[in-house]
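Participant: Build the 3D model from these lines:
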Amino acid sequence: MARIKVLPHAELCPQGAEFEAPPGKSICDALLENHVDIEHACEKSCACTTCHVVLRQGFESLDAAEDKEEDLLDKAWGLEATSRLSCQAKVGGADLTIEIPKYTINYEREGGGKK
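Facilitator: The predicted structure follows:
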């Protein structure tokens, strides 16, 4: 089991969070199962960037991102060298420290789909 530390996020987990997750579980599923309600507008199908996270520790323990994820990450708000889509990144054997960016690009959530 890997230990996952989530840095404080004003809306999703103001105090931060720490929990364990088994290898092979997506970071998104691990977050959701531990009451960190990260957005996942495409229902974890690698079709948006709302579940974007930045790995502050443990990035090198993850499998490399596939091309589709890399293409989507180019559109993510606050992209960094250690950014991943949490629906695609699977927990490995190493502990992770995760930062959830302050903003997402979610047109529907921001009221863009309403007239």
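
Participant: Tell me which stretches of this structure form strands.
Facilitator: For the chain, applying DSSP state E gives strands covering 2-6, 17-21, 52-57, 83-85, 96-99.

Participant: Which among those strands is found nearest to L72?
Facilitator: Closest to L72 of these, according to Cβ to Cβ: strand 83-85, at 6.3 Å. Heads up, the C-betas are built off the backbone N, CA and C, glycines and all.

Participant: what's the closest one packed up against?
Facilitator: strand 52-57, helix 67-73 (3 or more Cβ pairs under 8 Å, 6 or more residues apart in numbering; DSSP states H and E).

Participant: Please name whichever of those is nearest to A94.
Facilitator: Taking the helices and strands packed on strand 83-85 one by one with Cβ to Cβ, strand 52-57 is closest: 8.1 Å.

Participant: what's the angle from the closest one to strand 2-6?
Facilitator: Strand 52-57 and strand 2-6 are oriented at 120 degrees to each other (axes from the mean of the first three to the mean of the last three Cα atoms, to 10 degrees).
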